[in-house]
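>>> got a sequence here, can you model it:
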Amino acid sequence: MINISDLDLVSRRAIEGMERNRKLMKSATEAMESPILKAARAMESNSAIHRTLEDVERHQKLMHSIEGPFAELRAGGIFDEASKWQGEFERTQELMAEYNSRFILPDSDQISKLVHESSFGRLSQVAKQLSDQNSEIQRAMDAMRTPWLDAQRALESVRGFSELQCIGHALEQIPAFEDQIGIALRESLGDWRDPISWPSNIATDLVARSEFYVGLGFDSDLTDFPAPAFLESVSTAGLRREPPSVVVGYGPPVPQTEFEEQALIRTNMAHDWLLRLETNLRRFIDRRMTQEFGPEWPKHRLPTGLYEKWMEKKKKAVSAGRGEWPLIAFADFTDYERVICRKDNWREVFSGLFGRPEGVRESFQRLYMIRLDTMHARPIGQDDELLLYVEVKRLIKVVIPTSD
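Sure thing, here's the model as predicted:
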């Protein structure tokens, strides 16, 4: 016979059990929503991992494409022994360890010999017009503090590192969209001028994306470094400093809360740079067009259908209580090139700033996949990161006024 006290004990234990389960479920939910686990799930679903394991020989040449995201996951502790991800990525970790073990930090004598033996591309010739480029490259190499030279591909490492320095130097000294720098950059970053049909698999497969970039002419030696060495090398080149400042006093403000916080550090950084770039781009376009055609310019100077599209987005935003923003705040990333390169806008406003419309299209297309990733919390690779630094720097040199 069960008495009242027994029932009370069972009831209390049941309530305690439910409370424990509730706390466990809450903890599990919080854990699954943490940025680093979101990143791990994104990497787990990224077929680049599985393709790397399936075809090690072919993808050894493209290990740099997943080195950056994996370095961030390692730093976040996702591969700790207690982690459930430990076993799932064990073989990939071995491959990444083998990849990183190839890199050394050469001494000054080795650097001098390698620079002397190496041959560089068109960017080096452009930069040589400005200074003693070989001496500057050697100084940059001497300044490195992380292993960057691939002992198995020493001359390729030297050439890739040197080209990065030349890109940074040239962008500091030459107008960003001048013909000679556009031609030289195509030798290193590929030819992106023609309209591109983006393959669907490159949105989630970093190796496939790297191969696609190589198909356009991208030189993967530029990014074939361990993650710390890549970041140090682009910083030494002056490509990775502070993200562009947002110019004030040139046209109306635009909303800066359009994007969600991203999971990976690298993606979060890209989001920050692109957000600042877009804010400046919108103010730049609005200011230039308003100066030329007045504040009602969107009614008359947008490509077909774009005015109606922006107005519909603004109407929905106002209905949702987001407040009033200038119409250009509702532009999509792909709209900027269309506005700038519309024939009459180009002829009357933008041609003197950018030189050639295909150069503008090329710049925005190099940023397209990175912009897409920041909207979907997907990892980006070092190829993407280099394109981001170069093209943001080029656009900002035109977009942010220095004297007007």
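
>>> where along the stretch 51-200 of the chain do the helices fall?
Using DSSP state H, counting those that start in this stretch, the helices assigned to the stretch 51-200 of the chain run over residues 56-59, 64-75, 90-101, 108-117, 122-128, 133-143, 154-173, 179-189.

>>> could you check the angle the last one makes with helix 154-173?
This points to helix 179-189. For helix 179-189 and helix 154-173, the angle between their directions (axes from the mean of the first three to the mean of the last three Cα atoms, to 10 degrees) works out to 150 degrees.

>>> mind listing what's buried in helix 179-189?
Applying a neighbour-count criterion of 16 or more other Cβ atoms under 10 Å, one finds 181-182, 184-186, 188-189 buried in helix 179-189. In short, each C-beta sits where N, CA and C put it, glycine included.

>>> could you list the low-pLDDT ranges of the stretch 301-404 of the chain?
Under the criterion of pLDDT under 70, the regions of the stretch 301-404 of the chain flagged as low confidence span 401-404.

>>> name the element Arg394 belongs to?
When elements are defined using DSSP states H and E, Arg394 is found to belong to helix 382-399.

>>> helices or strands up against that helix?
Taking 3 or more Cβ pairs under 8 Å, 6 or more residues apart in numbering; DSSP states H and E as the contact definition, the neighbouring helices and strands of helix 382-399 are helix 64-75, helix 154-173, helix 179-189, helix 206-216, helix 227-236, helix 265-293, helix 357-375.

>>> so the second one versus helix 133-143, what angle?
Between the direction of helix 154-173 and that of helix 133-143, the angle (the same axes, to 10 degrees) works out to 110 degrees.

>>> start at 739 instead
Happy to do that; since the first residue is 739 now, the last one works out to helix 892-911.

>>> what is helix 892-911 packed up against?
Of the remaining helices and strands, those touching helix 892-911 by 3+ Cβ pairs under 8 Å, 6+ apart are helix 846-855, helix 860-866, helix 871-881, strand 887-888, helix 917-927, helix 965-974, helix 1120-1137.

>>> would you turn the buried residues of helix 917-927 into JSON lines with distance to Leu843 and pLDDT?
Below are the buried residues of helix 917-927 laid out as JSON lines (distance: Cβ to Cβ, whole Å; pLDDT from 0 to 100):
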{"residue": "Ile919", "distance to Leu843": "31", "pLDDT": "90"}
{"residue": "Gly920", "distance to Leu843": "34", "pLDDT": "92"}
{"residue": "Ala922", "distance to Leu843": "29", "pLDDT": "90"}
{"residue": "Leu923", "distance to Leu843": "29", "pLDDT": "94"}
{"residue": "Arg924", "distance to Leu843": "32", "pLDDT": "95"}
{"residue": "Ser926", "distance to Leu843": "24", "pLDDT": "94"}
{"residue": "Leu927", "distance to Leu843": "27", "pLDDT": "96"}
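
>>> about what we covered before: so for Phe1068, which of the helices and strands packed on helix 1120-1137 sits nearest?
Closest to Phe1068 of the helices and strands packed on helix 1120-1137, according to Cβ to Cβ: helix 1003-1031, at 9.7 Å.

>>> ok, residues contacting the helix or strand that comes right after the closest one?
For helix 1003-1031, the following helix or strand on the C-terminal side (DSSP H and E) is helix 1035-1039. By Cβ atoms under 8 Å, 6 or more residues apart in numbering, the surrounding residues in contact with helix 1035-1039 are 1027-1028, 1031, 1045, 1048, 1065-1066, 1077, 1080, 1082-1083.

>>> with those residues in mind, which one is nearest to Ile1003?
Ile1066 (30.4 Å).

>>> isn't that closest one right up against Arg1025?
No - contact between Ile1066 and Arg1025 fails when scored by Cβ atoms under 8 Å: they sit 10.0 Å apart.

>>> between the two, who's got more neighbours?
Neighbours of Ile1066 and Arg1025, each counted by other Cβ atoms under 10 Å, are more numerous for Ile1066; the result is 24 against 18.

>>> part of a strand, is the more buried one?
No - applying DSSP: H, G, I helix; E, B strand; the rest coil, one finds Ile1066 to be helix, outside a strand.

>>> and it, how close does it get to Ser938?
When distances are taken as Cβ to Cβ, to the nearest Å, Ile1066 and Ser938 turn out to be 30 Å apart.

>>> contacting residues for Phe956?
By Cβ under 8 Å, 6+ apart, the residues touching Phe956 are 926-928, 1121.

>>> mind redoing it with 6 Å?
If a contact means Cβ atoms under 6 Å, 6 or more residues apart in numbering, then Phe956 has 927-928 as its contacts.

>>> show me the shaky parts of the stretch 739-888 of the chain.
Counting by pLDDT under 70, the stretch 739-888 of the chain shows low-confidence ranges at 739-800, 811-827, 829, 858-871.

>>> how about JSON lines for the helices and strands packed on helix 892-911, with distance to Arg1014 added?
Compiled in JSON lines, those are given as follows (distance: least, Cβ to Cβ, whole Å):
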{"stretch": "helix 846-855", "distance to Arg1014": "35"}
{"stretch": "helix 860-866", "distance to Arg1014": "26"}
{"stretch": "helix 871-881", "distance to Arg1014": "27"}
{"stretch": "strand 887-888", "distance to Arg1014": "34"}
{"stretch": "helix 917-927", "distance to Arg1014": "21"}
{"stretch": "helix 965-974", "distance to Arg1014": "18"}
{"stretch": "helix 1120-1137", "distance to Arg1014": "8"}
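
>>> before we move on, back to that, just the buried members of the contacts of helix 1035-1039?
Restricting the contacts of helix 1035-1039 to buried positions leaves 1027-1028, 1031, 1048, 1065-1066, 1077, 1080, 1083, with burial counted as 16+ other Cβ under 10 Å.

>>> want to try JSON lines for the helices and strands packed on helix 1120-1137, with distance to Phe1088 as columns?
Formatted as JSON lines, the entries for these read as follows, by distance: least, Cβ to Cβ, whole Å:
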{"stretch": "helix 802-813", "distance to Phe1088": "34"}
{"stretch": "helix 892-911", "distance to Phe1088": "20"}
{"stretch": "helix 917-927", "distance to Phe1088": "16"}
{"stretch": "helix 944-954", "distance to Phe1088": "25"}
{"stretch": "helix 965-974", "distance to Phe1088": "29"}
{"stretch": "helix 1003-1031", "distance to Phe1088": "7"}
{"stretch": "helix 1095-1113", "distance to Phe1088": "8"}
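
>>> I am finished for the moment; much appreciated.
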